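**Q** Provided below are the primary sequence and the corresponding predicted coordinates.
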Amino acid sequence: MAAAGSAVGLGNIWGFPTQAASNGGAAFLLIYLLLAFTLAYPALMAELIIGRHAHANAVNALRLISPGRLMQRIGVGTGLVGLVVASFILSFYSIIAGWMLAYTLASIAELAGLDALVAWLRDFSLGRNLLFMLIFLALTVGIISEGVKEGIERWSSRLMPMLLISLVLLVIYVLTLDGAMAGLRVYLLPDFERALEPGLIINALGSAFFSLSLGVGTMLIYGSYISDRENLPLVGGLVTLVDICIAVTAGFLVLPAMYVALHNGVEIFTASGALISEDTLIFTVLPALFDSMGIAGIVVSLVFFFLMSIAALTSSISMLEVPVAYTIEQHNVGRKPAVVVIGLIIAAVSALILLNFDSLFGLVVTATTRYSQPLLGFMFCIFAGWVWHRDNLLQELRRGYPEVEQGWFWKIWPWYVRVVCPVIILAIFAQSLT
Ligand code: PFF
């Protein structure tokens, strides 16, 4: 549940639908689904298995499973880069999550008839952005400093069904509106030529790795919390399914909602057909959708943005846990001071991004999610497939799944993660550079 809580977040409702909208809709959906099952799931398994075996943070875990000095150093380096990337992801994530919080409060203010406050909360201003980024980070820091396991599981197990149900209800509503069918067509009828564009494929790869929280050591840490009685391939499979299901459902909401808004005169595309503002797209089209529901829309909007804020929180705590776990285990520092200092550093980076939003925000998102996460995922596949001894791998999987050797997972995954995953990830990168 905690791993699913980490996976399900802004990546599903903000990241995936926005990427799909700006990368040809159905073509992106097709490639995303393909890559999520064939590359992201195997990479997730690599992290979960190494994590449960090592019972440590990524830096120590990769060191532990490496035989020689050189590989140990590379393992430590990979873990450390993952830690830095996780922190940078959190620095932009808390900005978007802050917007979710602001929109939740805006719905409450609207119910109370405080129009000026509603306008301030919905307006893109430096003051609002800074304040809500800080509030969101403070919430994350607060939860992490208390230690997390029980809290996350309780929240996640309630959140996921509620999120899915409200998404499905919203999808049903949006599909009854004028203009929605145009969006549905864009989302479901692929243009196969676009599906092969290198830019689209690398975006879909980054999206899948971001959505499943891969490459940065989060899933490795969560793997280290999983009990030996659990069947790991099944746990990983369920996390992947829940995550993809919520992302795809969110696409059924956001793309039709875009075209409904367009039909109602909201400007979404530039003259050349590109999206006007990708980053804030859902904060334009979803409120427009909620407004069309009258008074009920205010309550729906409140529920939706509240659920999204919680979903973002169960993801952000998994990010912050990466540098925190390392600092505590490695440097013998108490949990509270470690959390506060790291939280402050991340807040400073977020503030810097906000002060230079146009030049830094997109850059940090692209550098971390599109490039770093898949490349780090590649390293985890190399460690699970080549560096770690196969007998240890089998032994680890046998706990909780004694008949693993007879199943399809053991027949396919070990050579697949050894050869197919690294080769395809590299091929996608090579193609995108040409
Ligand atoms: N998977 C999260 C989402 O879809 O919102 C984002 C994420 C969480 C990325 C944790 C990386 C991470 F370590």
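**A** All right, it came through fine.

**Q** pLDDT wise, what is residue 329 at?
**A** In this model, residue 329 is scored at 88, pLDDT.

**Q** Leaving out chain neighbours, which residue sits closest to it?
**A** Once flanking residues are discounted, residue 329 sits nearest to residue 57: 5.6 Å by CB to CB, 6 or more residues apart in numbering. C-beta coordinates here come from the backbone N, C-alpha and C atoms, glycine included.

**Q** Just list the residues touching that neighbour, thanks.
**A** Contacts for residue 57 (CB atoms under 8 Å, 6 or more residues apart in numbering) come out as 79, 217, 220, 221, 224, 322, 325, 326, 329, 330.

**Q** got it, and residue 226?
**A** Shown in contact with residue 226 (CB under 8 Å, 6+ apart): 3, 48, 51, 52, 232, 235.

**Q** List the buried residues for the strand or helix carrying the first one?
**A** Residue 3 is part of helix 2-7, with elements assigned from DSSP states H and E. The neighbour-count check on helix 2-7 (16 or more other CB atoms under 10 Å) flags 2, 3, 4, 5, 6, 7 as buried.

**Q** and if you look at stretch 33-41?
**A** Residues 35, 36, 39, 40, 41 are the ones in stretch 33-41 that count as buried (16+ other CB under 10 Å).

**Q** interface residues of the stretch 151-300 of the chain facing the ligand?
**A** Residues of the stretch 151-300 of the chain found near the ligand (CB under 6 Å from any ligand atom) are 210, 211, 213, 216, 218.

**Q** need the strands for the chain, in chain order.
**A** Remark: no strands are assigned in the chain by DSSP state E.

**Q** which residue is nearest the middle of it?
**A** residue 211 (3.3 Å; CA atoms, centre = their mean).

**Q** so that one makes contact with residue 36?
**A** Yes. Contact between residue 211 and residue 36 holds when scored by CB atoms under 8 Å: they sit 7.4 Å apart.

**Q** Stretch 346-360 and the ligand in contact?
**A** No. Using CB under 6 Å from any ligand atom, stretch 346-360 stays clear of the ligand, coming no nearer than 12.9 Å.

**Q** For that stretch, which residues meet the burial criterion?
**A** Buried residues in stretch 346-360 (16+ other CB under 10 Å): 346, 347, 349, 350, 351, 353, 354, 360.

**Q** Run a quick neighbour tally on the residue lying closest to the fifth one once chain neighbours are set aside.
**A** Residue nearest to residue 351 in three dimensions, not counting chain neighbours: residue 130, with 6.3 Å by CB to CB, 6+ apart. For residue 130, the tally of surrounding residues (other CB atoms under 10 Å) stands at 17.

**Q** Look up how far the ligand lies from residue 130.
**A** Distance from residue 130 to the ligand, counting by CB to the nearest ligand atom, to the nearest Å: 22 Å.

**Q** Please look at residue 92 and residue 352 and confirm they touch.
**A** No. Here residue 92 lies out of contact with residue 352, judged by CB under 8 Å, at a distance of 10.9 Å.

**Q** about what we covered before: show me the buried residues of stretch 346-360 that map onto helices.
**A** If you go by DSSP state H, these have 346, 347, 349, 350, 351, 353, 354, 360 in helices.

**Q** any idea how far residue 323 is from the residue nearest to residue 329?
**A** The gap separating residue 57 from residue 323 is 9 Å, by CB to CB, to the nearest Å.

**Q** Could you list the low-pLDDT ranges of this protein?
**A** 147-152 (pLDDT under 70).

**Q** residue with max distance from the center of it?
**A** residue 113 (34.7 Å).

**Q** Contacts only, for that one.
**A** With CB under 8 Å, 6+ apart as the criterion, no residue contacts residue 113.

**Q** do the same with residue 58
**A** Taking CB under 8 Å, 6+ apart, we find residue 58 in contact with 51, 78, 79, 82, 83, 216, 217, 220, 221, 322, 326.

**Q** go again using 6 Å as the cut-off
**A** 79, 82, 217, 220 (CB atoms under 6 Å, 6 or more residues apart in numbering).

**Q** what's the burial count for the residue lying closest to residue 170 once chain neighbours are set aside?
**A** Nearest in space to residue 170, with sequence neighbours left out and distances taken as CB to CB, 6+ apart, is residue 253 at 5.2 Å. Residue 253 is flanked by 27 other residues according to other CB under 10 Å.

**Q** and stretch 415-426, how far apart are its ends?
**A** One end of stretch 415-426 sits 16 Å from the other (CA to CA, to the nearest Å).

**Q** What residues of it count as buried?
**A** Within stretch 415-426, the residues scored as buried using 16+ other CB under 10 Å are 416, 417, 418, 420, 421, 422, 424, 425.
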